[in-house]
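Student: sequence isn't available, so here's the structure alone:
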């Protein structure tokens, strides 16, 4: 009996239990870092340049830097589940939102360091921009039945150009200290603000999935559009809805990104972040072809990827070369989670355990 | 039922023209109209034959990439890695020629080898392990771009004599040319890359139209299940389509290398998007099963002409190019979607 259970556990590791995939990856990374350099995990409590007490260390910076990615992973998970495709325009939309945010903050006059509009107003306009981009993508996917990746290709191509165009390619700068809080620290609080923003987003999406039927609707549209329509669901509205949520996530990520740098670089901001977000969804064990999803798993996946990035940086990998290593990780991951490979692995596992049990039986 | 509807499609009122052919004709008309418009507005430049051939010279590499993309898309897949692979090819060839003093033939072999390797690996993963082509080739693109910086992180111009000599070879186009200020007739020319591009296109046109493998691409892209029932080896067909695309990415990368003459990670940036846009503008169906090489060539030229017009109009800030391509892509995508929906209704 006990053997049977352990065998089932082993099998379920490969077939079910989504949460275990990112957890295993996280464990592997932690082990790797422990072996290479245990100092990696040191968290210190010191004072930053402004003299406020802050926590610092690699673990804090992973939580801090991973915020944008985790927020985008929320949107990407929903988009993936509902449409069976991914939004590759995420980075470009972040650039657009950031550009809009700065435009409103700095106004039309010369940069004087003074904010020309309240931050909340600027953020609302920024959200509006994100939602519009999302709605555009969603409309192409839902009403014109274009594959999500191709539809988002349009904004992927044009996004950074549009972002540069909005600000006339000027590099605006915001020196306001309140605005810097969103990407830095609130006075006297030792934990970086992006972590709080991310937590608020998680809570919001948790509530959304817990108290509304959105999750169920998204899954049913992703599994079978036809069946959902027969059940009285409008797949178009759900699809546009998830893309709008994605746009909103991009706007929040843009707020953090821009606040971190207090300026924007149109061609570099949030570069390749869509790749990381897709990777987070895949790492979370969500099928990339849509249908079922598990939000917490994706979010954990996002932090695991940030962990990987930080580890690679610590190993002195150039930022341009980073993508090669990450791509290798993606390929490995996707190959391992491919049904064909999984079946083979299961068979192998089963034959190994069977051999073991027969050997045990012989001994008795 | 399915067989019957396919049969009706080919014998119906509009049956003699496929969706793809209609879209290709639209593209051809758009190209001619755009050129006439450009010639009317910007007169001098666009009336010279050389302007047209420069369009070819600058986009020979893109044409090859687009042809490869067409093959993959016809078979129902997609390949995002072509731009990255091209960049990797330019860098590897540049390093081989300059740092190792290698020969020109060696560089060609390297280009083909890299392209083939990417095609084989991606094709295997997509066809036999049944992983979504988009994810695999997206990873391939990032891998190739990352590898380019790992191979050499600083862009440089290639000084290798043999290479420079071949690179500067110009082929005169008979009977076409223009008179310069002194009234001397100057022959219009094309670069070697254009010849390679046209040859590749011709071979692919033949393959897609008249070979068993070529027709299998259409069958698999149109409906996998039906193709399987017809006895077509679906997995192998998908595999071959990716191998061809990878190989063409290698060739395209080399032609790009011949055109710019330098190794750089920024080479062929955005080429994958341009290639997809060219194929779509040329009437290749996104869902697979329809598309043709001539349409793709026209699509590439239309895209290039549009960029040319944008810069001639004085909107030469970098961002206008991106926006123009995106707008064109958007228009043609919607057009495609609407036309297909309308024709379905007519039937």
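Tutor: Nice, thanks for sending it over. None of the values given here were measured: they were computed from a predicted structure.
Student: from the chain's centroid, how far away is the helix or strand harbouring residue A:311?
Tutor: If you go by DSSP states H and E, residue A:311 is part of helix A:295-314. Helix A:295-314 sits 9 Å away from the centroid of its parent chain (Cα atoms, centre = their mean, to the nearest Å).
Student: quick one: buried residues of it?
Tutor: By neighbour count on 16 or more other Cβ atoms under 10 Å in any protein chain shown, the buried set for helix A:295-314 is A:295-312. For every residue, glycine as well, the C-beta is placed using N, CA and C.
Student: ok, residue B:164 touching residue B:158?
Tutor: Yes: applying Cβ atoms under 8 Å as the test, residue B:164 and residue B:158 come out as touching, 7.3 Å apart.
Student: that older thread, contacts for the very next helix or strand once past the helix holding residue A:311?
Tutor: Counting by DSSP H and E, the next helix or strand C-terminal to helix A:295-314 is helix A:322-337. The contact list for helix A:322-337 (Cβ atoms under 8 Å, 6 or more residues apart in numbering or on different chains) reads A:21, A:25, A:272, A:275-276, A:279, A:282-283, A:285, A:288, A:305, A:308-309, A:312-313, A:317, A:341-342, A:345, B:125, B:129, B:131, B:135-136, B:139-143, B:145-147, B:149-150.
Student: okay, and which of those residues map to helices?
Tutor: Among those, DSSP state H puts A:21, A:25, A:275-276, A:279, A:282-283, A:305, A:308-309, A:312-313, A:341-342, A:345, B:125, B:135-136, B:139-143, B:145-147, B:149-150 in helices.
Student: which residues in the stretch 151-300 of chain B form strands?
Tutor: Using DSSP state E, counting those that start in this stretch, the strands found in the stretch 151-300 of chain B span residues B:156-157, B:170-179, B:185-191, B:262-263.
Student: got phi/psi on residue 268?
Tutor: By default, I'm working from chain A. When read as degrees, to the nearest 10, the backbone of residue A:268 gives phi -110, psi -30.
Student: if you could check chain B rather than the one you did, that'd help
Tutor: Here is the backbone geometry of residue B:268 (degrees, to the nearest 10): phi 50, psi 30.
Student: mind checking how far residue A:131 is from residue A:252?
Tutor: 11 Å (Cβ to Cβ, to the nearest Å).
Student: then residue A:218?
Tutor: Separation of residue A:218 from residue A:252 (Cβ to Cβ): 20 Å.
Student: check contacts around residue A:80.
Tutor: Going by Cβ under 8 Å, 6+ apart, residue A:80 touches A:86, A:222, A:278, A:281, A:286, A:288, A:290, A:293.
Student: need the three-state assignment for the first one.
Tutor: Think residue A:86. The three-state assignment at residue A:86 reads coil, by DSSP: H, G, I helix; E, B strand; the rest coil.
Student: so what's the residue nearest the centre of chain A up against?
Tutor: In chain A, the C-alpha nearest the mean C-alpha coordinate belongs to residue A:73, at 2.6 Å (Cα atoms, centre = their mean). By Cβ under 8 Å, 6+ apart, residue A:73 lies in contact with A:277, A:280, A:281, A:284, A:298, A:299, A:301, A:302.
Student: and it, what helix or strand is that in?
Tutor: For residue A:73, the host element (DSSP H and E) is helix A:58-83.
Student: angle of that helix against helix A:273-283?
Tutor: 80 degrees (axes from the mean of the first three to the mean of the last three Cα atoms, to 10 degrees).
Student: for chain B, what's its nearest residue on chain A.
Tutor: In chain A, the residue that lies nearest chain B is residue A:324 (2.5 Å; Cβ to the nearest Cβ).
Student: out of the strands of the stretch 151-300 of chain B, which comes closest to residue B:306?
Tutor: strand B:185-191 (20.9 Å; Cβ to Cβ).
Student: strands paired with the closest one, and their directions?
Tutor: strand B:170-179 (antiparallel) (DSSP bridges).
Student: follow-up on the earlier one: okay if I get the strands of the stretch 151-300 of chain B as a markdown table plus mean pLDDT and mean neighbour count?
Tutor: What follows is these, written out as a markdown table (pLDDT from 0 to 100; neighbours: other Cβ atoms under 10 Å in any protein chain shown):
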| stretch | mean pLDDT | mean neighbour count |
| --- | --- | --- |
| strand B:156-157 | 86 | 13 |
| strand B:170-179 | 76 | 13 |
| strand B:185-191 | 80 | 16 |
| strand B:262-263 | 84 | 22 |
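Student: just send those strands back as TSV, with distance to residue A:54 too.
Tutor: Formatted as TSV, the strands of the stretch 151-300 of chain B follow (distance: least, Cβ to Cβ, whole Å):
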stretch	distance to residue A:54
strand B:156-157	43
strand B:170-179	64
strand B:185-191	59
strand B:262-263	44
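Student: so for residue A:36, which of those sits nearest?
Tutor: strand B:262-263 (33.2 Å).
Student: so what's whichever residue of the stretch 51-200 of chain B sits closest to chain A up against?
Tutor: Nearest to chain A in the stretch 51-200 of chain B, going by Cβ to the nearest Cβ, is residue B:146, at a distance of 2.5 Å. By Cβ under 8 Å, 6+ apart, the contact list for residue B:146 reads A:320, A:321, A:322, A:323, A:324, A:325, A:326, A:327.
Student: please name the residues that touch the second one.
Tutor: With contacts defined as Cβ under 8 Å, 6+ apart, residue A:321 is in contact with B:146, B:147, B:149, B:150, B:153.
Student: what residue ranges in the stretch 1-150 of chain A score low on pLDDT?
Tutor: Applying pLDDT under 70 to the stretch 1-150 of chain A picks out residues A:1-18, A:49-51, A:108-114.
Student: redo that, cut-off 90
Tutor: By pLDDT under 90, the low-scoring segments of the stretch 1-150 of chain A are A:1-65, A:84-86, A:88, A:102-119, A:144-150.
Student: strands of that one, residue ranges please.
Tutor: Shown for the stretch 1-150 of chain A, the strands assigned by DSSP E, counting those that start in this stretch span residues A:43-47, A:53-57.
Student: now, of the ones in helices among the contacts of helix A:322-337, which are buried?
Tutor: A:21, A:25, A:275-276, A:279, A:282-283, A:305, A:308-309, A:312, A:341, B:125, B:135-136, B:139-143, B:145-147, B:149-150.
Student: show me the helices in the stretch 1-150 of chain B, by range?
Tutor: Under the criterion DSSP state H, counting those that start in this stretch, the stretch 1-150 of chain B contains helices at B:2-11, B:19-42, B:44-47, B:49-74, B:82-94, B:104-127, B:133-151.
Student: do the helix holding residue A:311 and chain B meet at all?
Tutor: No: residues of helix A:295-314 are not located near chain B by Cβ under 8 Å from any Cβ of the partner chain, the shortest gap being 10.9 Å.
Student: compute the inter-axis angle for that helix and helix A:273-283.
Tutor: Helix A:295-314 and helix A:273-283 are oriented at 120 degrees to each other (the same axes, to 10 degrees).
Student: packing partners for helix A:295-314?
Tutor: The helices and strands touching helix A:295-314, judged by 3 or more Cβ pairs under 8 Å, 6 or more residues apart in numbering or on different chains; DSSP states H and E, are helix A:20-36, helix A:58-83, helix A:193-211, helix A:273-283, helix A:322-337.
Student: how far away from the center of its chain is the shortest one?
Tutor: The reference is to helix A:273-283. Per Cα atoms, centre = their mean, the centroid offset for helix A:273-283 relative to its chain is 6 Å.
Student: briefly note if it comes near chain B.
Tutor: Yes: judged by Cβ under 8 Å from any Cβ, helix A:273-283 and chain B are in contact via A:275, A:278, A:282.
Student: residues in contact with the nearest residue to the first one once chain neighbours are set aside?
Tutor: The shortest distance from residue A:275 to any residue that is not its chain neighbour, by Cβ to Cβ, 6 or more residues apart in numbering or on different chains, is 5.9 Å, and that residue is residue B:142. Under the criterion of Cβ under 8 Å, 6+ apart, the contact partners of residue B:142 comprise A:272, A:275, A:323, A:324, A:326, A:327, A:330, B:84.
Student: among the residues you listed, who's most crowded?
Tutor: Neighbour tally across those (other Cβ atoms under 10 Å in any protein chain shown): the maximum, 31 neighbours, falls on residue B:84.
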